[in-house]
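**Q** no FASTA, just this:
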């Protein structure tokens, strides 16, 4: 005789009561973790799309690769001809490259936050989305780390960043925020890669067990011999916990230090003590939007409808709304104090944004970052509508890109000396390099998604085993078992 | 005594736990049983002892190493090779805290990763008894028992619902040479990289870094009289700075240079300072103060680079002559002015 405890979760029969049975059906449609299936089907659902190479895939890959090659060609041209071919000129010497740097670092924040913070807080709907988010973090950081090198012009001197006294007679000083930046980004990038890899190990073993040929050999090497023994799981859990708790403060430090690149300068509009937290929230805001976009795209392209459901977009939408509110709060702080102080140069900056030539950018930023999320994201129907949440996320990217654009080249165009004011307009090299950087992230993401499982299968299994429905009175209520520790 | 490994797969946690209990009663010790699963089951779910966890401790050690690295980078290097910057302390505390935070976190996380690899004996090179169905949701129980017990253990597994039984004769336990070789290679590569970096840094391996410093149009006019480097400063190759000398190499005071300087002087300077350079010119009466007497001792006592600074930037009522005289021409003029000394 079989008791229900001996039956695997995907084979348990529905309750005989028709009303409860209907409720069960409803809950299963709503929640991935209450909808267990035969594990081989789930494995297949993740692995099969990795083999799909339709003409659309090749078209997208070719297009992105072309743009990345263009990036390389223009960067080479810029190295030969010098930064003079860009629109950089006095007084605006930091412009689109630095905007991209800040923007892409920002994108790199949400992945870790979703993965680490939601893990620490034991928020269950994170399970299927953590891999897509972590991957976005890594690739966005790689793109971001390139931009200081593109920006300084003489890229072949990048080794000057090494903090060792050498015969080149000069080395970086730790008094400089730019060196804090280098240290923080190095820490964050390498640890994000390791964090993603540790979570990937069981899935690499899964892929190894279900593939043949070169993929099998690749996964065999990368899985390092993972068998899922108790010791392996226990050590993996400890390592993931260490990473989760350690990488969150590092994430905060990274964008705080990026903000100090600006705030440590005595430049009107930059010299603000609230810049640190304000930048961190802005980074999470644009990053969460970017994660939603990535989820929508891989769900569509790889047919992951089983894994990525309304509940995930609903949760991410709420998160986005919360971040929009917080961002507005910090922006108001950053705006109000200079407005109250009425320093002449700050007045000039505020007038430039409110009624001057930068007004269209500023109002579009306010619309995308504040008006749009506040008027739409309170509604569950909007949050769970894929086209709507995708559009909102794209517009938030526009808004947050504009925010960085306003902070950097627009603000730099005004200073205490009216004779040295100026206006920066992007020239073709930096514009195309920007497009190429977006293409680079897209290309890496597309290629990665065909080689590595984009859904953490073991986390989904684990959630399905731990979650269940408990009958309270006439209703079935989702419950979660939270064993030990 | 030959040992055999027996692997059986179960569908669910409950029968797995029951079977493990029976095996334990039979006298199979806990350390001879390995449970493999596609998801992390808690030890208490399967009635198993808690595995040893040392990764957290290892990451703590990593944090300590990170702290030491950070202290070396921020304090050590700058105490060994001071880098003076505008009155700031060589090792300021607040920026140091930022670097220390990052290196501590870096050490913590890297150590957690390598601790994970080390504690799991990753990467595994030798073949292990395993079944790919474990990543399909099955739970594998691997018992390592003496050959005499093998049949009994196998039937216990079978009776409790295990399927797909596998049996293999154990190879004698010994450290895998390939694993040792792998880590020795990794450690060797790290040591080699560090050693090469230090050899380059301390000039044992000489690479001529393209610094462009020697090729630049260095004029030193913003720097005034130069101080020689402090005794403990980094060694400098190339042109050495000497007290009172400009950083750039001025045009030597040859007869040709003085001749050129004389012509340039008559065109650019004489209109105010006078053809003899004594400050008497038809225009000099119109200026207050009057153009200085270039032959006087206070002027002749200036260093070359100070005169260069005045020509380039102007001073007081004198406009700058940078657009009239190129850098080499300014040195010609200085060479000529030196000949005017009383």
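**A** On my side now, so go ahead. It should be emphasised that the depicted structure is a prediction, and the values quoted were computed from it without experimental measurement.
**Q** per-residue pLDDT, residue A:197?
**A** Residue A:197 is assigned 96 on the pLDDT scale.
**Q** try residue B:284
**A** 87.
**Q** wait, what's in contact with it?
**A** Going by C-beta atoms under 8 Å, 6 or more residues apart in numbering or on different chains, residue B:284 touches B:272, B:273, B:274, B:290, B:291. In short, each C-beta sits where N, CA and C put it, glycine included.
**Q** Show me what whichever strand or helix holds residue A:65 packs onto, helices and strands only.
**A** Element membership for residue A:65, per DSSP states H and E: helix A:55-81. Packed against helix A:55-81 by the contact rule (3 or more C-beta pairs under 8 Å, 6 or more residues apart in numbering or on different chains; DSSP states H and E) you find helix A:428-451.
**Q** Quick one: list the elements packing against the next helix-or-strand element following the helix it packs on.
**A** As assigned by DSSP H and E, the chain's next helix or strand after helix A:428-451 is helix A:457-466. The contact analysis (3+ C-beta pairs under 8 Å, 6+ apart) places helix A:457-466 against helix A:39-47, helix A:177-209.
**Q** Give the full set of residues in contact with residue B:129.
**A** B:5, B:7, B:142, B:166, B:168.
**Q** Am I right that it is in a helix?
**A** No - under DSSP: H, G, I helix; E, B strand; the rest coil, residue B:129 sits outside any helix and is assigned coil.
**Q** What are the contacting residues of stretch A:333-352?
**A** Against stretch A:333-352 from outside (C-beta under 8 Å, 6+ apart): A:268-269, A:272, A:274-275, A:278, A:358-359, A:410-411, A:413-416.
**Q** which one among these gets closest to chain B?
**A** residue A:275 (14.9 Å; C-beta to the nearest C-beta).
**Q** Correct me if wrong, but residue A:479 is in a strand.
**A** Yes - using three-state DSSP, the assignment for residue A:479 is a strand.
**Q** burial measure for it, as a count.
**A** Residue A:479 has 13 neighbours, counted by other C-beta atoms under 10 Å in any protein chain shown.
**Q** can I assume residue A:145 is in contact with residue A:190?
**A** No - in this structure, residue A:145 is not within contact of residue A:190 by C-beta atoms under 8 Å, at 10.9 Å.
**Q** ok, the residue nearest to residue A:270 when sequence neighbours are not counted - contacts?
**A** Spatial nearest neighbour of residue A:270, excluding adjacent residues (C-beta to C-beta, 6 or more residues apart in numbering or on different chains): residue A:262 at 4.1 Å. Contact partners of residue A:262, counting by C-beta under 8 Å, 6+ apart, are A:270, A:275, A:407, A:408.
**Q** Check residue A:28 too.
**A** So residue A:28 contacts A:34, A:35 (C-beta under 8 Å, 6+ apart).
**Q** is any part of the helix or strand that the helix holding residue A:65 is followed by close to chain B?
**A** Remark: after helix A:55-81, the chain's next helix or strand is helix A:96-112, criterion DSSP H and E. No - Helix A:96-112 does not reach chain B (C-beta under 8 Å from any C-beta of the partner chain); its nearest approach is 11.6 Å.
**Q** mind giving me the domain split of chain B?
**A** Listed domain ranges for chain B are B:3-53+B:122-169, B:175-209, B:255-339 (source: automatic domain parsing).
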